[in-house]
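>>> build me a model from this:
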Amino acid sequence: MGEMKNKVCIITGGAGSIGLASARLMYEQGARIMLVDLDREELMSAKASFSDQDRVSISVADVSNSEQVLNFVSTTVERWGKLDVVFANAGFSGTCASIADYPEDIFDKVIAVNVRGSFLTCKYGLPEMNDGGSIVITSSIMGVTARPNSIAYITSKHALIGLMRGTAKEAAPRNIRVNVLAPGPVDNAFQLEIEERINNVTGIDATKMLNDWIPLGRHARVEEIAKTAYFLASSQSSFTTGSILMADGGMHI
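Numbering: from 1, shown residues only. Predicted coordinates for the structure are as follows:
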């Protein structure tokens, strides 16, 4: 067992590539993990990939629903005790359209999942945390910059930085750290879907365009983002709070 032995961690978006890779790093260091996501089959498959089933649990939940968020928080605490890590990682990318053409229902869904979901996860998670814990919120390179035809996603990811800063101020007296993880393009299915939409709307090879934009010249590997999440979640970042940790290969420069 390592530095996270018996730490209790909730990870939303836990069946996705970043959430699951981050869970594995925490698990390897001794943590107890609650994986939260919408798809039961994906969650069951994710759980099955861990050898010690007693240290991993799953909860099917819509993070924009307060009752369901309260349920996965209370279920975790009942099983293992107070929380040490809350990783608000669930996200929805929306669609690709100009602001004039952007569908209002999709805009609302993006805000509901990305902003309201992270807010509710913090709202119900923070009171159940041990002093000295860590909250990590996944924003994006699009939380600090912008591009055309993605207004909902950009708006939501900017909002998460405000959520993080306000929560960090409130949590600091308990030595609970709150930080944003801001990935750039990642080599995973979530990013591929975004790039395919850009391809369809613009006719541009979005993957090549982004790699040309990124100073390091490539998409991130999922494991690289997970290591950054682990750093923020663990005691390795014990004097870091209210920060935006860019994991974007220099794309924001």
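
>>> phi, psi for residue 108 please.
Backbone torsions of residue 108, given as degrees, to the nearest 10, read phi -60, psi -40.

>>> can you map out the strands along the stretch 51-200 of the chain?
Listed in chain order, the strands of the stretch 51-200 of the chain (DSSP state E, counting those that start in this stretch) span 56-60, 83-88, 129-138, 177-183.

>>> now stretch 55-74: buried residues?
55-64, 68-73 (16 or more other Cβ atoms under 10 Å). All C-beta atoms are positioned from the backbone trio N, CA, C, and that covers glycine.

>>> pLDDT weak spots in this protein?
1 (pLDDT under 70).

>>> pick out the residue nearest the middle of it.
Nearest to the mean C-alpha position of the chain, counting by Cα atoms, centre = their mean, stands residue 89 at 1.8 Å.

>>> for it, give its distance to residue 5.
Separation of residue 89 from residue 5 (Cβ to Cβ, to the nearest Å): 22 Å.

>>> same check, this time on residue 120
Residue 120 is 29 Å from residue 5, by Cβ to Cβ.

>>> the more surrounded of the two?
Neighbours per residue (other Cβ atoms under 10 Å) separate residue 120 from residue 5, with residue 120 holding more: 23 against 10.

>>> verify the stated contact: that one with residue 66.
Yes - under the criterion of Cβ atoms under 8 Å, residue 120 makes contact with residue 66 at 5.5 Å.

>>> picking that back up, pipe the strands of the stretch 51-200 of the chain into TSV and attach distance to residue 32 per row.
Output for those, formatted as TSV (distance: least, Cβ to Cβ, whole Å):
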stretch	distance to residue 32
strand 56-60	8
strand 83-88	9
strand 129-138	13
strand 177-183	20
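
>>> helices of the chain, start to end?
17-28, 40-48, 66-80, 104-110, 117-125, 151-171, 189-202, 206-213, 222-233 (DSSP state H).

>>> and of those helices, who's closest to residue 250?
Of all the helices of the chain, it is helix 206-213 that lies closest to residue 250, at 9.6 Å by Cβ to Cβ.

>>> give the buried residues for that closest one.
Buried, per 16+ other Cβ under 10 Å, within helix 206-213: 206, 207, 209, 210, 213.

>>> how far is stretch 209-225 from where the chain is centred?
The chain centroid and the centroid of stretch 209-225 are separated by 18 Å, computed with Cα atoms, centre = their mean, to the nearest Å.

>>> okay, it in CSV with CA atoms only?
C-alpha atoms of stretch 209-225 as CSV (Å, rounded to 0.1, in the frame of the first residue of the first chain):
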residue,chain,number,x,y,z
MET,A,209,-4.9,21.3,-36.7
LEU,A,210,-4.7,20.8,-32.9
ASN,A,211,-1.4,19.0,-33.0
ASP,A,212,0.0,21.9,-35.0
TRP,A,213,-1.4,24.3,-32.4
ILE,A,214,0.1,22.4,-29.4
PRO,A,215,3.8,23.3,-28.9
LEU,A,216,4.6,19.7,-27.9
GLY,A,217,3.1,18.6,-31.1
ARG,A,218,0.7,15.9,-30.0
HIS,A,219,-2.4,15.0,-28.0
ALA,A,220,-1.9,13.9,-24.4
ARG,A,221,-2.0,10.3,-23.4
VAL,A,222,-4.7,9.5,-20.9
GLU,A,223,-2.2,8.3,-18.4
GLU,A,224,-0.5,11.7,-18.5
ILE,A,225,-3.7,13.4,-17.5
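
>>> all set, thanks.
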